[in-house]
Structures are given as C-alpha cells and as structure tokens.
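J.: I need the structure of the sequence given here:
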Amino acid sequence: MIQPGNIAKSVLLLTPVLLALSACVSDTTPQATPDTNFPSNIDLANGQQVFWAGGCSSCHAAPGSGKAGRLRLGGGLKLETQFGIFTVPNISPDKATGIGTWSNSDFSNALLKGVAPDGSHYYPSFPYTSYARMTRNDVSDLWAFLKSLPVVANKPGDHKIFGLIKSRKAIGLWNRLYLKRGKVVRFNSPSPEVDRGQYLVEGPGHCGECHTPRNKIGGFNYNKWLGGGVDESGDKTIPNITPGESGIGGWSIEEIIASLKPATGHAPSGSPTTAMAEVRQNLAMLKVSDRQAIAAYLKAIPAVESDD
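T.: Next comes the predicted model:
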C-alpha cells in the first residue's frame, strides 16, 4: 500500500521539475521586434536571390503549378509526416488569405523566431530553425520581394496533427531544446567562400532540415550534421552530403557544383528525385559564386558516416 508520506515526498521532489517545465513552456514566446530595427535600404535583386536560396516556391507555390506558377505562392501543399499532415500556407500578398496585412516585424518574427503575428509558435515543419540564422538585411529584402509578387486568393486547409504536438506551447519547449541560432559547424579560419557557403547551407538554404538525422520528437542530431536522414513520412532515405565515405567524399568540387543544377547525372545515393529536382531548379537561379560557395562548404565540413 502507498503511504501518504511517500506521496507527499514524491510531490515535493517533482514540484521543482514541474515548475521548471511550466516556466519553459509559458516563457517561450519571443517579444516582437520593432520595425525601426530593420534596414531602410531595400535591395529587391538580393531579395530575389534569397527567395531562390530559401526554396520558397517549392512549398508555397500551388501543387502542380509548374514553372509558370513558381511565383504564385497561394500554398496548399500537404506535407505528410510522422507527426501529422501539415498544410503549407498562402504567403502571397493577398490581404484576406495570405500575408498582405503583415508588417516587417511580423515577417521577421516568423522567420527568425518561428512566431506568428498572434504570438503563437509555428510548427517546425516550417524551417524557421534554419531561417533563424539569416541576416536582417536578407530578411527585409526577401520581405520586399514577396510583396512584389502576384496576389493569390486561396485559403489552404488546416493541419491534421497527431498527439501532444498539437499544443503550440509544447513547441516553445521544443525550441528551447533544438532551436540553435548560431553556426552549426565551427571552423578555425574559414575562407570567405566557405563562410558564404556556410551561411547559405545552414541558413536560407535549410539543407540540414532534410539531410540531418532527427530523434523521435523531431530534434536534430547536430553530431551527425548533414549525415543523412529520412524524409518527412519516415519512408525514404535522405542522403549523406558530408565528405564521409558513405557521403560525397569521392566527389570533386566541380561534381558537387554540377549536382546543384538541373539535368545532371550527379545525385547522392538515396536522393529523392522529385524533391531534389525542385531544389536544383531553385539553386540554378543563384549566382555561380554562390553554388561554388555551397560546394566549398560541403567539402570543408566534418565527415559523417551514415548509420546502417
């Protein structure tokens, strides 16, 4: 029989833990960033480059819209994951169903902090965990570019989420565990080219979102950075793109650069063709120097061997 004294002792022992968890969950909504903190000089051409680096159209263009619809960002794509089905939102300038009423602050808080205009947390199916490493200049330029795109009136459906992850407050706790705003890889003295590649891969390019293995609650295994993983549904393998033997260690810089454009025969083993075809279409729009920088970074990072 359980004694009342034991119950009281257990409650006393657990109380600090429960209070700590409660504090983490309740104190994880970042404060809005005032518009006055943003750069006043806008570079639309740079905003367009950030748009392609970030792969915005791959998710937010209407499914099946093809090349002609890549700038019509009405959303609607269904992302099937182990945690549920996430519906990609409309990010066109439409005021009723898109983000036409957002401010620069709203957009910045979404990308850099994963927080919606109403103060709630976004689910990390939206890769703010990578966008959080972007510069304010790039965020502002991207925002200006998005506002220049066609208005699309479309209200995508709701998410269908399983289990405890339905709680957006729980995402605040998840963020404390896995949202890492600093650089992932630490180099002693990287060249400007490697440094640029690091920014593109770890930030707007969000390559780690697919190519890094995750634990059972979707947290990144940073010790296996870019060492390969599984797709959102958990059914297909995403390749290792580190210089390890089970990765792209045998590839030359030129071969990596070639793989970043459409219509090449170079693709790491296990690469999901449809998804990577979209990625290559986006990367083909970048400056040649940026694709070279991405390749230089991938050759410079620590080698990781894929799990069997």
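J.: Next, give phi and psi for V115.
T.: Dihedral pair for V115: phi -120, psi 130, per degrees, to the nearest 10.
J.: what do you get for A170?
T.: Taking degrees, to the nearest 10 as the convention, A170 sits at phi -60, psi -30.
J.: try P156
T.: phi -60, psi 160.
J.: what's the burial count for it?
T.: 17 (other C-beta atoms under 10 Å). In this view, the C-beta of every residue, glycine as well, is placed from N, C-alpha and C.
J.: same question, A144
T.: A144, neighbours per other C-beta under 10 Å, totals 17.
J.: Not counting sequence-adjacent ones, nearest residue to it?
T.: Spatial nearest neighbour of A144, excluding adjacent residues (C-beta to C-beta, 6 or more residues apart in numbering): I42 at 4.5 Å.
J.: Local confidence estimate at that neighbour?
T.: Note on I42: pLDDT of 94.
J.: what helix or strand is D195 on?
T.: helix 192-202 (DSSP states H and E).
J.: let me fix that: W52
T.: Assigned by DSSP H and E, W52 falls in helix 44-54.
J.: which ones are touching the nearest residue to V279 once chain neighbours are set aside?
T.: Using C-beta to C-beta, 6+ apart and skipping residues adjacent in sequence, the residue nearest V279 is G55, 6.3 Å away. Shown in contact with G55 (C-beta atoms under 8 Å, 6 or more residues apart in numbering): 205-206, 278-279, 282.
J.: Now rank those by neighbours and give me the top one.
T.: Busiest of the contacts of G55 [other C-beta under 10 Å] is G205, holding 24 neighbours.
J.: residue contacts, it?
T.: Contacts of G205 by C-beta under 8 Å, 6+ apart are 53-55, 130, 294.
J.: any chance of these in a markdown table, plus distance to G64 and pLDDT?
T.: Formatted as a markdown table, these follow (distance: C-beta to C-beta, whole Å; pLDDT from 0 to 100):
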| residue | distance to G64 | pLDDT |
| --- | --- | --- |
| A53 | 24 | 97 |
| G54 | 21 | 97 |
| G55 | 17 | 94 |
| S130 | 26 | 97 |
| I294 | 28 | 98 |
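J.: Can you tell me which of those residues are buried?
T.: 53-55, 130, 294 (16 or more other C-beta atoms under 10 Å).
J.: follow-up on the earlier one: show me which positions of the helix holding D195 end up buried.
T.: So for helix 192-202, counting by 16+ other C-beta under 10 Å, buried means 193-202.
J.: And stretch 212-231, by the same measure?
T.: For stretch 212-231, by 16+ other C-beta under 10 Å, it's 212-214, 218, 220, 224-229.
J.: end to end, how far does that stretch reach?
T.: 10 Å (C-alpha to C-alpha, to the nearest Å).
J.: re the thing from before, out of the buried ones among the contacts of G205, flag the one nearest to D94.
T.: Taking C-beta to C-beta as the measure, D94 sits nearest to G54 out of those, at 19.9 Å.
J.: Spatially central residue (nearest the centroid) of the protein, please.
T.: The residue lying closest to the centre of the chain (C-alpha atoms, centre = their mean) is P127, at 2.1 Å.
J.: Just read off the phi/psi values of that residue.
T.: phi -80, psi 50.
J.: ditto for E80
T.: phi -90, psi 120.
J.: could you say what helices and strands the helix holding W52 packs with?
T.: Identification of packing neighbours for helix 44-54 by 3 or more C-beta pairs under 8 Å, 6 or more residues apart in numbering; DSSP states H and E yields helix 136-147, helix 273-283.
J.: which one of those helices lies closest to Q82?
T.: helix 273-283 (16.7 Å).
J.: what are the C-alpha coordinates of that closest one, in PDB please?
T.: Provided in PDB are the C-alpha atoms of helix 273-283 (Å, rounded to 0.1, in the frame of the first residue of the first chain):
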ATOM      1  CA  THR A 273      14.300  12.700 -57.200                       C
ATOM      2  CA  THR A 274      11.200  14.900 -57.100                       C
ATOM      3  CA  ALA A 275      12.200  16.900 -54.100                       C
ATOM      4  CA  MET A 276      15.800  17.400 -55.300                       C
ATOM      5  CA  ALA A 277      14.500  18.400 -58.800                       C
ATOM      6  CA  GLU A 278      12.700  21.300 -57.100                       C
ATOM      7  CA  VAL A 279      15.800  22.200 -55.100                       C
ATOM      8  CA  ARG A 280      18.000  22.100 -58.200                       C
ATOM      9  CA  GLN A 281      15.600  24.400 -60.000                       C
ATOM     10  CA  ASN A 282      15.900  26.900 -57.200                       C
ATOM     11  CA  LEU A 283      19.700  26.600 -56.900                       C
END
